[in-house]
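*Asks:* Need coordinates for the following:
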Amino acid sequence: MMSAVSSKKKAEKFIKLIIPAGKANPAPPIGPALGQHGLNIMDFCKKFNEKTKSMGVEDGMRVPVVISVFKDKSFDFIVRTSPVPDLVKKSLKITSGSKTPGSSVAATITMAQVEQIAKIKMPDLNCATLEAAVQMVLGTIRSMGIECVG
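*Replies:* Have a look, this model is predicted:
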């Protein structure tokens, strides 16, 4: 999942974006974000689209990317896993959570689905155990107005 960064180069800047997998193009937000640092936008778009395809990320699924910009105008990037709300919506096949979380329930999710999402998201979460990852996912699910059963 991570790109190899040369140990000789030190990143000058980091650009964080959320881009649909396989759909990177020079339009905003990518073009302006990379252009102001003098990076080759089309090169990034091609590499990003290839990487998300090789990772098996479904086309159109939003994925966070952290781009390291080096002094010589070269770059490297790391593609992370999709945000938890996106994974939950995909798993439940819904378009959004509850408009009023806490008072209305948008959907229900099983503990097995929660554990599956936690396993997918585990490399990007700041936790050491699967149980801690499950608790983080449950917090997001509650804030989306989704009820966990089981």
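
*Asks:* Break the protein into its domains for me.
*Replies:* Following automatic domain parsing, one finds the domains of the chain at 11-79, 84-149.

*Asks:* Switch those domains over to TSV; also include mean pLDDT.
*Replies:* Shown next, in TSV, are the domains of the chain (pLDDT from 0 to 100):
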stretch	mean pLDDT
domain 11-79	93
domain 84-149	94
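
*Asks:* P64: what's it in contact with?
*Replies:* K16, L17, I18, V79, R80, S82, P83 (CB atoms under 8 Å, 6 or more residues apart in numbering). For the C-beta atoms, the positions are set from N, CA and C on the backbone; glycine is no exception.

*Asks:* cutoff 6 Å now
*Replies:* I18, R80 (CB atoms under 6 Å, 6 or more residues apart in numbering).

*Asks:* any idea how far the residue nearest to V114 when sequence neighbours are not counted lies from I117?
*Replies:* Excluding the flanking residues, the one nearest V114 by CB to CB, 6 or more residues apart in numbering is V137, at 5.4 Å. Counting by CB to CB, to the nearest Å, the gap from V137 to I117 is 5 Å.

*Asks:* With K73 instead?
*Replies:* If you go by CB to CB, the gap between K73 and I117 works out to 38 Å.

*Asks:* can you pull the contacts of G60?
*Replies:* For G60, the contact set (CB under 6 Å, 6+ apart) comprises P20.
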